[in-house]
Structure formats: structure tokens, C-alpha cells
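*Asks:* Coordinates for the following, if possible.
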Amino acid sequence: MAIQTLTAAKPCARAHHIGSLLRTKKLVEKRIAYHSGQCTDAELKALEDEALPALVKLQKDVGIDVITDGEVHRDVYMQGIFESLDGMVMVPNRSFSEFRPYLPYISTFKAMGVEGWTSGYCTGKLRRSKPIYTHDFVTLKQQVAPEDVPKLKVTMCPPTWMHLSHGSEFTYDHSVYQNDEEYFTDVVQAFREEIQELYALGCRRIQFDDPGLCFFCSDAMISGMEAQSLDYKQLLDQHIDVYNRITVDRPADLIIGVHTCRGNMKGIHFTEGGYERVAKKLLCDLDMDVFYLEYDTDRAGGLEPLRYLPPGKHVVLGLVTTKSGALESIEAIKERVRRAAEIVAEGEPKRAYEDALDQLSISPQCGFASVFEGNPITEEEQKQKLALVVEAAKEIWG
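*Replies:* I've put the predicted structure just below:
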């Protein structure tokens, strides 16, 4: 087969990090105090804003190309949008009987003795009546020079998360929405409105954080769905369609990506399994510019599914773990990138090795603090990990 001349993907940095960064001990303690009613929301937010300059400086000092606010204003990575929509009520300690039992994190939590988890329930028509992530973006924007604003990235909850967690039965009141199509129509509208406002404020990079996409890599989850006569292919198609309705007609200079991993709560993972089952559908059918893929352990399987990466899209290989402080070998990182580029070059369609390499970047596999308490890693180890990503990127791409 002839080697195809490719249409270039949108410009993508080489050294990334996913989003969250470790909070200081003072900030962790303040958030704990907030949850116990010992400080106000304004007091917490003031300390978060105070912590932001140091987080930005860390990223700049090590040379990370794309900057986030470290998700410093959140309890957990997915916090933000669903809690803020009219019509959605957050239910504390919601019983796991109203969650899909086959989800990987449910069995993990049950084994830990946890009987419920805070989650949303839709009791009215979903409407975005106020900005959601705009404070975070504007606050971050104030920390950088105007020419660096396009390098800023906003991370957000996946639009499919409530539906994945609870299914059609327990996601929404059926007197409000008769079916998934009605529900998702309003979800899509809310997300589009939020993205449009962020864009108007200067945001040019948005990333959905969706571990649910990796859950489809789990044999245990697929078996659990089949035991309930549920079609995982149909559910995956439905969720891809939701994303595509959100991202359609986006501005040419807006880079939208999705990150997926197998769980990252205080260093704990929830599932395992390679991308083979879902790779072609995700990489080819999901309308994203960038895919941030976990690849730090054998839990993620081999690199072979990258053969489906089409022209015009980009993969960020998550080769550096945030779950421990042990530092990876830079030569091992370079070798895995080389092998990934070979697979992409020999993929569908074939392309020159240089073109394939140009479609790749590197990062840690996930954030350093997907929940505010953070992973079992020190701030110095976090800095070393980020610096390693930058140094490896320089040696690979120059």
C-alpha cells in the first residue's frame, strides 16, 4: 500500500500534563475545614486563588507547554458543571443500588466498605443559567502574558458521566425527560453554551476527563453488562454521539481533547484492559483533536491499537505515572514513543514515520491530584516527573 500524504493535525504541544496538581498542605487542610463547616466558601476560594501563582510558576519553570490551574478550585476532577446546572440536584451518599453495578469503581468502593457516593439526579429541565468554569479560566488567564493565553487548558467533566453511572433508570426523573434523547439534548446544549463562553474569553484548549471510556476496556464490565442484557457497543455509540454533538462546528483554532484512564484516586486504579476493544471507534469516530491515553503500566495493554489513529488527530501518550514517585527511564520513554510512531506509520492509512511521530506527544498518565487530597507523591517528585516529560520531549522532537 502506498504511503499517504497527510493533512496536518491542529498544532499540539509536545510536553503535556493532564490537569490536576498537588495542593499544599495548607490548602488541603482548608478544604477539609470547609467540608466540616469551619470556613466559608469565600475563605476557601481566596486561599485557592492565592495558591494559583505558584502552580503556574511550577509549570512554567519546568517547561510544560500547556498550562492548567491544577484544578485547584475543585474537590475532585469532575466537579463543576453538573452541580451548577438548573434541574440537577446533588444527592449526598447516594446509594450504590442506584448506580450501575458493573462499573469498576463500584466494586472497589464496596470492598472498602463504602455504601454510597455523592452524585447527581435530574429533577427538572437542565439549563445553564450561570457561568461554570469561567472564574477558573479568568483567574488563570490573569497569571500569564497575553501571548500565552492560547496555551491555557480547561478540564471538565464528561457529559456522559451521570448517564454512565446511573443508566436511564436513575439519571433523570421520567416525568421530566421521557427518554435519553430528551435528556442528552439539554446536556449537549449546556456544554455547548459553556464552551462558547470560554472561547469568547480566550480559551483555546478544552479537555474532557472521561475514565468511563476506559471502563469499556474492562472485560469485567463488559461481562457485567452482558449479564444484564445490555449492549456495550450501543452504549458506547450513544456516548460518542453525545460528544460529537457538543464538538460539532467548533472554531478552527479551538483544540478539544479527551483524557481517559483506568482510575486515579489517591494512587488507586479501578480497572485494567487494553484499548483494542474500543480503539478504532474512539480514534476514528469520536470527534476530538487530541486523545490523552494512559500508558504507564501493563494495565493499559500494548501500543498496537494506535494503528487506528487517523490523519488530522493527535495522541498524547501518558507514559509517566503519577501514582508513585519512582522516576521512569528517559530512554524507556523514548523507545516507547519510537515504537508508537512505527505502529502509527504502519497503520490505517500508512504514512511516513516522521508524519506519525508528529502526531504524538507525551505526558503523565493522569493528574497528580484527581481528588484534592492528592496521590502518594511529594511535590518534589511531582516536579521531577513534569521535568522528565519536558526533557524527554526535547530529546525526541527537539
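*Asks:* Could you measure from the nearest residue to Ile330 once chain neighbours are set aside over to Arg336?
*Replies:* Nearest residue to Ile330 in three dimensions, chain neighbours excluded: Ala392, at 5.1 Å (Cβ to Cβ, 6 or more residues apart in numbering). (Glycine included, C-beta is placed from N, CA and C.) For Ala392, the distance to Arg336 equals 10 Å [Cβ to Cβ, to the nearest Å].
*Asks:* and what of His17?
*Replies:* Separation of His17 from Arg336 (Cβ to Cβ): 18 Å.
*Asks:* Looking at the two, which is more packed in?
*Replies:* His17 (31 against 17; other Cβ atoms under 10 Å).
*Asks:* pretty sure Glu381 is in contact with Gly325, am I right?
*Replies:* Yes: assessed by Cβ atoms under 8 Å, Glu381 is found in contact with Gly325 at 3.5 Å.
*Asks:* These two: which is more packed in?
*Replies:* A side-by-side neighbour count of Glu381 and Gly325, using other Cβ under 10 Å, places Glu381 first with 18 against 15.
*Asks:* Next, the buried residues of the helix or strand harbouring the more buried one.
*Replies:* Taking DSSP states H and E as the criterion, Glu381 maps to helix 379-397. By neighbour count with 16 or more other Cβ atoms under 10 Å, helix 379-397 contains the buried residues 379, 381-383, 385-390, 392-393, 396.
*Asks:* Then stretch 206-224?
*Replies:* Buried residues in stretch 206-224, counting neighbours by 16+ other Cβ under 10 Å, are found at 206-218, 221-222, 224.
*Asks:* Name the nearest residue to Tyr77, ignoring sequence neighbours.
*Replies:* Ser370 is the one closest to Tyr77 (Cβ to Cβ, 6+ apart), at 4.6 Å.
*Asks:* Not counting its own residues, what contacts the lowest-mean-pLDDT helix or strand in the chain?
*Replies:* Within the chain, no helix or strand scores below helix 104-111, which has a mean of 88 by mean pLDDT, DSSP states H and E. Contacts with helix 104-111, where a contact means Cβ atoms under 8 Å, 6 or more residues apart in numbering, come from 96, 99-100, 117, 215, 218, 220-221, 262-263, 268, 270-271.
*Asks:* quick one: which of those residues is nearest Thr160?
*Replies:* Phe215 (11.0 Å; Cβ to Cβ).
*Asks:* Pull up the gap between that closest one and Arg339, please.
*Replies:* From Phe215 to Arg339 the distance is 26 Å (Cβ to Cβ).
*Asks:* Likewise for Ser175?
*Replies:* 54 Å.
*Asks:* Who has more neighbours out of the two?
*Replies:* Arg339 (14 against 8).
*Asks:* Is the more buried one in contact with Leu306, as I believe?
*Replies:* No: shown here, Arg339 and Leu306 do not form a contact pair, counting by Cβ under 8 Å, at 9.3 Å.
*Asks:* Distance from the chain centre to the following helix or strand past the least confident helix or strand of the chain, please.
*Replies:* Next in sequence after helix 104-111, counting helices and strands by DSSP H and E, comes strand 116-127. Centroid displacement of strand 116-127 relative to its chain, using Cα atoms, centre = their mean, to the nearest Å, is 21 Å.
*Asks:* Please enumerate residues in contact with strand 116-127?
*Replies:* 82-83, 85-96, 98-99, 109, 162, 165-166, 170-173, 176-177, 183, 186-187, 190.
*Asks:* Can you get me a residue count around the nearest residue to Tyr275 once chain neighbours are set aside?
*Replies:* With Cβ to Cβ, 6+ apart as the criterion, Tyr275 has its nearest non-adjacent residue at 4.1 Å, and that residue is Pro305. By other Cβ under 10 Å, 22 other residues sit near Pro305.
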